[in-house]
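*Asks:* sequence and predicted structure are below.
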Amino acid sequence: MSAQQFSEERLMKVLLAPQISEKATYVAEKNEQVIFRVATNATKPEVKAAVEMMFKVAVASVQIANVKGKVKRTGRFVGRRNNWKKAYVCLVSGQQINFAESEQG
């Protein structure tokens, strides 16, 4: 599937932010993957097309995980954070995403 199937406006809304954590850094170094926080209704083909369009890299595969929101409490009130979705984007070997350069361009 190619980026032409999806509107550019939709692809701009699919990726929300890169997920920066110890685990994300470890995965990036070991497996040549980048982890993104994505829209809750995003699909694998949409994520692939969005990453290829925004960062001009070739994507090998995409895995998606739904993350359940944590239950938090303040005093006697119990609340719950929103559920969210993250995507593990596997890049073709030899390619990488440099977030510092892509923000300026």
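*Replies:* Everything's here; your move.
*Asks:* the lengthiest helix in the chain - contacts with which helices or strands?
*Replies:* With secondary structure taken from DSSP state H, the chain has its longest helix at helix 44-55. If you count contacts as 3 or more CB pairs under 8 Å, 6 or more residues apart in numbering; DSSP states H and E, helix 44-55 packs onto helix 8-14, strand 15-18, strand 33-38, strand 59-67, strand 84-91. Backbone N, C-alpha and C define where each C-beta goes, glycine included.
*Asks:* okay if I get those as JSON lines plus distance to Ala49?
*Replies:* Formatted as JSON lines, the helices and strands packed on helix 44-55 follow (distance: least, CB to CB, whole Å):
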{"stretch": "helix 8-14", "distance to Ala49": "6"}
{"stretch": "strand 15-18", "distance to Ala49": "10"}
{"stretch": "strand 33-38", "distance to Ala49": "12"}
{"stretch": "strand 59-67", "distance to Ala49": "9"}
{"stretch": "strand 84-91", "distance to Ala49": "11"}
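*Asks:* that older thread, pull out the buried positions in the longest helix of the chain.
*Replies:* By neighbour count on 16 or more other CB atoms under 10 Å, the buried set for helix 44-55 is Lys44, Glu46, Val47, Lys48, Ala49, Ala50, Val51, Glu52, Met53, Phe55.
*Asks:* which residues sit against stretch 43-53?
*Replies:* For stretch 43-53, contacts defined as CB atoms under 8 Å, 6 or more residues apart in numbering pick out 1-3, 5-6, 8, 10-12, 14-15, 34, 36, 38, 57-59, 62-64, 87, 89, 97.
*Asks:* recalculate using a threshold of 7 Å.
*Replies:* 1-3, 6, 11, 14-15, 38, 57-59, 62, 64, 87, 89 (CB atoms under 7 Å, 6 or more residues apart in numbering).
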